[in-house]
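Asks: What follows is a predicted structure for the sequence shown.
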Amino acid sequence: MESRYSARVPVECSVVFAGEAVIGEGRVIDVSLPGCLMESPESVKPGDYVQLKLFLPDQQPVISVPLAVVRWADGNRVGVEFIRSSEDDQTRLTRFVQRHRQGASTPKWDGGVEILSAAGD
């Protein structure tokens, strides 16, 4: 099994997503700075680009990810990599992960991860 370079934080929250051929909702199982693991009955496949809205606990408003890519899908479980989000949402996600990383998997690499910002954000 491949070692992760960023800690995953177990979480249970709602997510809504939309792509070129799909609109759906589901639940996030874990989140890290570069992405998340989610479950959804909607069919997506690796390489699909989606927009996400994450309803993380204690985070108002929702965290918006205007560009993400599906890296893998197995049944109703989907691994998504965040590509673009606002600087504010990146900061909020970083703080959320840092606050909740007690007991989370230990990262292999502890350097920063930068998500590209959308133009005008």
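Replies: Arrived safely.
Asks: Show the average pLDDT along stretch 38-55.
Replies: Stretch 38-55 comes out with an average pLDDT of 97.
Asks: So for that stretch, what gets flagged as buried?
Replies: Neighbour-count burial for stretch 38-55 flags Met38, Ser40, Val44, Asp48, Val50, Leu52, Lys53, Leu54, Phe55 (criterion: 16 or more other Cβ atoms under 10 Å). From N, CA and C alone the C-beta is placed, and that goes for glycine too.
Asks: Tell me which two in those are the farthest apart.
Replies: Asp48 and Phe55 (20.9 Å; Cβ to Cβ).
Asks: Return the residues in contact with Phe82.
Replies: Leu33, Pro34, Gly35, Cys36, Leu52, Val65, Leu67, Ala68, Ile115 (Cβ atoms under 8 Å, 6 or more residues apart in numbering).
Asks: What distance do you get for Pro85 to Pro10?
Replies: Rather than Pro, residue 85 is Ser. 21 Å (Cβ to Cβ, to the nearest Å).
Asks: cool, and Phe17?
Replies: 20 Å.
Asks: which of the two has more neighbours?
Replies: Phe17 (24 against 14; other Cβ atoms under 10 Å).
Asks: thinking again about what came up before, closest one of the contacts of Phe82 to Glu81?
Replies: Closest to Glu81, out of all of the contacts of Phe82 and judged by Cβ to Cβ, is Gly35, at 4.3 Å.
Asks: neighbours around the closest one, how many?
Replies: 23.
Asks: Then Glu12?
Replies: 9.
Asks: Just confirm it contacts Arg27, I think it does.
Replies: Yes: using Cβ atoms under 8 Å, Glu12 is in contact with Arg27, at 6.2 Å.
Asks: Strands along this protein, start to end?
Replies: Using DSSP state E, the strands of the chain run over residues 9-19, 23-32, 35-39, 49-55, 63-74, 77-84.
Asks: tell me the most buried of the ones you listed?
Replies: strand 35-39 (a mean of 21; mean count of other Cβ atoms under 10 Å).
Asks: Measure how that one sits relative to strand 23-32, angle-wise.
Replies: Taking axes from the mean of the first three to the mean of the last three Cα atoms, to 10 degrees, strand 35-39 and strand 23-32 form an angle of 130 degrees between their directions.
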